[in-house]
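Participant: Build the 3D model from these lines:
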Amino acid sequence: MKCKCGNQIDVKMASRVHCSGAKLLTSLTTILTLECLDCGEKFQIPISSSDYVAKEDE
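Facilitator: The predicted structure is shown next:
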């Protein structure tokens, strides 16, 4: 994504979910607050992922 000043901003996130005694039915969602290193603009972006690795106990 690009900030309003034109600075390219890349956000990467990795996570691992371990669930015992239940199944995970929803996607993972979080909101990040960022500050541009060039202009100092602060903004929030939602990150939602249904691409996660869930380990099931047997």
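Participant: Going by C-alpha atoms from here, please, whenever you check contacts or count neighbours.
Facilitator: Will do.
Participant: contacting residues for the residue nearest the centre of the chain?
Facilitator: Taking C-alpha atoms, centre = their mean, the centroid of the chain lies closest to residue 47, which sits 3.9 Å from it. Residues in contact with residue 47 (C-alpha atoms under 8 Å, 6 or more residues apart in numbering) are 29-32.
Participant: Just the pLDDT at residue 26, thanks.
Facilitator: On the pLDDT scale, residue 26 is placed at 75.
Participant: hey, which helix or strand in the protein has the poorest pLDDT?
Facilitator: Across the helices and strands of the chain, mean pLDDT, DSSP states H and E gives its lowest value to strand 54-55, namely a mean of 55.
Participant: Helix or strand: which one has the closest residue to residue 31 other than its chain neighbours?
Facilitator: Excluding its sequence neighbours, the residue lying closest to residue 31 (C-alpha to C-alpha, 6 or more residues apart in numbering) is residue 46, at 4.3 Å. Residue 46 belongs to strand 42-49 when assigned by DSSP states H and E.
Participant: what pairs with that strand, and is each one parallel or antiparallel?
Facilitator: Sheet pairing of strand 42-49 (DSSP bridges) gives strand 28-35 (antiparallel).
Participant: Not counting its own residues, what contacts the partner strand?
Facilitator: So strand 28-35 is contacted by 41-50 (C-alpha under 8 Å, 6+ apart).
Participant: What's the local residue count around residue 28?
Facilitator: A total of 14 residues lie near residue 28 under the criterion other C-alpha atoms under 10 Å.
Participant: does it have beta-bridge partners, and which?
Facilitator: Those that pair with residue 28 in a beta bridge, by DSSP bridges, are residue 49.
Participant: Please spell out the segments of the protein that come in under the pLDDT threshold.
Facilitator: Scanning the chain with the threshold set as pLDDT under 70 gives 49-58.
Participant: was I right about residue 2 contacting residue 9?
Facilitator: Yes. Shown here, residue 2 and residue 9 form a contact pair, counting by C-alpha atoms under 8 Å, at 5.6 Å.
Participant: What residues of stretch 32-42 count as buried?
Facilitator: residue 36 (16 or more other C-alpha atoms under 10 Å).
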